[in-house]
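*Asks:* Coordinates only, no sequence provided:
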């Protein structure tokens, strides 16, 4: 049985708790959160605390707070020589204080409060300073997911950057598409099959091979018309720079 | 029985032919393509020609060529007063010559040669100058898809622009993500579950509600680090302008 304390009940912490509490061979010993309010829904099911000095004994402490608080939280921990990991994509494990053993436990997925996710499919990227700790993390990760990767802090950092493009920026493209639909009284749901196909296509094609559209064809007439239709100056800038990037990508190799 | 001639065997024309030839109550009478080579695979199954003057009788002629050739193809058609439609997202039906009745038949999906698509799920947007022609197009569209929309040229144009953001630009985000993974020796497939979830999330959340990441949080530390990691100047520009747009989107309403 691996015992775990989760520190921070944001999106990741909450999803992690829900997944870990039903995982076999795992005991969530305690949840910590800075404010009591977020702990209330869980009080009957698990030991909770909003006092960092009251953390109890466990095999792994998972800090699931925002990137800029990881360091200060790790400094406040009331124990030494325990395995302490964070869930951040972009923070190196050296940010954690030396008084405990360091690691990371990074589920590469987008978590929102209102959605449920199947952890079995989520890649979990783990890192630790020594082999025994890595084994412990691997054990825990495998109880949640079929896709466990051992990666370095450097690789994790670059994956996080890649994920910003693949997820955050992609979602903003959806948002802009929705705004254009709204302005023109077209229901955004018409685009749903296209959005799904765009992502699923990557099961059979590389993004390079999957690219279509006016910028790939260097169809300057359509590009010019589109820029004329866009009323938002920032969206115009985005259209211009991404089209240039696509045209460069294909121009180089044609 | 509705008879159809397909003019142009690019991605859309080919997918359309494959879908129409198995649709009940539809007969593909002929395929036209400028070059013979693309017609060869279909010669045993259907009448084909690379001579535009040899087009045969049909209820609907579908021009599935590139945007900039629609006008000249429509001028070359060797008949008058027939229903002629194009499959373009961005070309108004007025671009078609007056000697025939005009319409559009626009499947809103991304078509690649190497993928198969389920037409039942694809929204088909139709437009015609008069009610009888619209009925004919609606009949044909319903034989392929459960999602048929009657829209104006203006709406179609704006949907096409929205689709460029939602599909073309999204795919380029995937491409950049893949480049970052390659540079750092991380397999791009680690990102697959994230890409799928990003699209599927929109079944339950709006793009506005689904947004996550450093730009939404206005986390300037992470944004600054990411810009430092990007080596490609164009990708840096893209990162900067999209992050600014995300921050503006949330800054306004917070």
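*Replies:* All right, it came through fine. On a predicted model such as this, the values are computed, not experimentally measured, just so you know.

*Asks:* can I assume residue A:23 is in contact with residue A:144?
*Replies:* Yes: with contact defined as C-beta atoms under 8 Å, residue A:23 reaches residue A:144; the gap is 5.8 Å. Yep, even glycine has a C-beta here, placed from its N, CA and C like the rest.

*Asks:* which one of these two has more residues nearby?
*Replies:* When neighbours are counted by other C-beta atoms under 10 Å in any protein chain shown, residue A:23 and residue A:144 differ, and residue A:144 comes out ahead with 20 against 17.

*Asks:* Could you measure from that one over to residue A:107?
*Replies:* 8 Å (C-beta to C-beta, to the nearest Å).

*Asks:* for residue A:178, same thing?
*Replies:* Applying C-beta to C-beta to residue A:178 and residue A:107 gives a distance of 27 Å.

*Asks:* who's more crowded, those two?
*Replies:* With neighbours defined as other C-beta under 10 Å, residue A:178 and residue A:107 compare such that residue A:107 has more, 25 against 22.

*Asks:* can you map out the helices along the stretch 1-150 of chain A?
*Replies:* A:11-21, A:70-76, A:131-144 (DSSP state H, counting those that start in this stretch).

*Asks:* For the shortest one, list every residue counted as buried.
*Replies:* Just to be clear, that refers to helix A:70-76. A:70-71, A:73-74 (16 or more other C-beta atoms under 10 Å in any protein chain shown).

*Asks:* which residues sit in contact with residue A:80?
*Replies:* By C-beta atoms under 8 Å, 6 or more residues apart in numbering or on different chains, residue A:80 lies in contact with A:99-100.

*Asks:* Common neighbours of residue A:144 and residue A:107, please.
*Replies:* With C-beta under 8 Å, 6+ apart as the test, residue A:144 and residue A:107 both reach A:119, A:122, A:124.

*Asks:* my guess is residue A:97 contacts residue A:76, does it?
*Replies:* No: between residue A:97 and residue A:76 there is no contact under C-beta under 8 Å: 9.1 Å.

*Asks:* What is the three-state secondary structure of residue A:190?
*Replies:* Judged by DSSP: H, G, I helix; E, B strand; the rest coil, the three-state class of residue A:190 is helix.

*Asks:* Which residue, other than its chain neighbours, is closest to it?
*Replies:* residue B:123 (4.8 Å; C-beta to C-beta, 6 or more residues apart in numbering or on different chains).

*Asks:* what pLDDT does the one you found get?
*Replies:* The per-residue pLDDT reported for residue B:123 equals 93.

*Asks:* cool, residue A:229 as well?
*Replies:* 94.

*Asks:* on that earlier part again, would you enumerate the residues in contact with the residue nearest to residue A:190?
*Replies:* Here residue B:123 is in contact with A:190, A:193, B:107-109, B:145, B:147-149 (C-beta under 8 Å, 6+ apart).

*Asks:* Equivalent analysis for residue A:32, please.
*Replies:* A:5-8, A:48-50, A:52, A:55.

*Asks:* which among the residues you listed gets closest to chain B?
*Replies:* Nearest to chain B, judged by C-beta to the nearest C-beta, of these is residue A:8 at 14.5 Å.

*Asks:* can you tell me how far the nearest residue to residue A:84 once chain neighbours are set aside sits from residue A:55?
*Replies:* Leaving aside its sequence neighbours, residue A:84 sits nearest to residue A:100 (C-beta to C-beta, 6+ apart; 4.2 Å). For residue A:100, the distance to residue A:55 equals 12 Å [C-beta to C-beta].

*Asks:* Between these two, which contacts overlap?
*Replies:* A:61, A:77, A:79.

*Asks:* thinking again about what came up before, could you report the pLDDT at the residue nearest to residue A:84?
*Replies:* 98.

*Asks:* Same check on residue A:234?
*Replies:* pLDDT, read off for residue A:234, is 97.

*Asks:* State the helix or strand in which it lies.
*Replies:* helix A:233-253 (DSSP states H and E).

*Asks:* quick check, that helix touching chain B?
*Replies:* Yes: using C-beta under 8 Å from any C-beta of the partner chain, helix A:233-253 reaches chain B at A:234-235, A:237-239, A:241-242, A:244-246, A:248-249.

*Asks:* which one of the residues you listed has the most neighbours?
*Replies:* Result: residue A:242 is most packed of these (other C-beta under 10 Å), 26 neighbours.

*Asks:* Let me see the contact set for it.
*Replies:* A:215, B:169, B:172, B:238.

*Asks:* swap in residue A:19?
*Replies:* By C-beta under 8 Å, 6+ apart, the residues touching residue A:19 are A:119, A:144.

*Asks:* pLDDT weak spots in the stretch 1-150 of chain A?
*Replies:* Low-confidence segments of the stretch 1-150 of chain A, defined by pLDDT under 70: A:114.

*Asks:* Output the set of residues of the stretch 1-150 of chain A in proximity to chain B.
*Replies:* So the stretch 1-150 of chain A meets chain B at A:11, A:66-68, A:90, A:108-112, A:114-115, A:117, A:121-123, A:125, A:147, A:149 (C-beta under 8 Å from any C-beta).

*Asks:* Just the buried residues out of those, in ChimeraX syntax.
*Replies:* Listed next is the ChimeraX selection for buried residues among the residues of the stretch 1-150 of chain A next to chain B, using 16+ other C-beta under 10 Å:
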select /A:11,67,90,108,109,110,111,112,115,117,122,123,125,147,149
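
*Asks:* Filter the residues of the stretch 1-150 of chain A next to chain B down to the ones in strands?
*Replies:* Residues of the residues of the stretch 1-150 of chain A next to chain B located in strands (DSSP state E): A:125, A:149.

*Asks:* how about CSV for the shared contacts of residue A:144 and residue A:107, with distance to residue A:131 added?
*Replies:* Converted to CSV, the shared contacts of residue A:144 and residue A:107 look like this (distance: C-beta to C-beta, whole Å):
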residue, distance to residue A:131
A:119, 25
A:122, 24
A:124, 18
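
*Asks:* Name the nearest of those relative to chain B.
*Replies:* Using C-beta to the nearest C-beta, the shared contacts of residue A:144 and residue A:107 come closest to chain B at residue A:122, 5.7 Å.

*Asks:* show me the contacts for that closest one.
*Replies:* A:107-109, A:144-145, A:147, B:193.

*Asks:* I'd like those laid out as JSON lines, including distance to residue B:199.
*Replies:* JSON lines is the format used below for the contacts of residue A:122 (distance: C-beta to C-beta, whole Å):
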{"residue": "A:107", "distance to residue B:199": "19"}
{"residue": "A:108", "distance to residue B:199": "16"}
{"residue": "A:109", "distance to residue B:199": "13"}
{"residue": "A:144", "distance to residue B:199": "23"}
{"residue": "A:145", "distance to residue B:199": "20"}
{"residue": "A:147", "distance to residue B:199": "19"}
{"residue": "B:193", "distance to residue B:199": "11"}
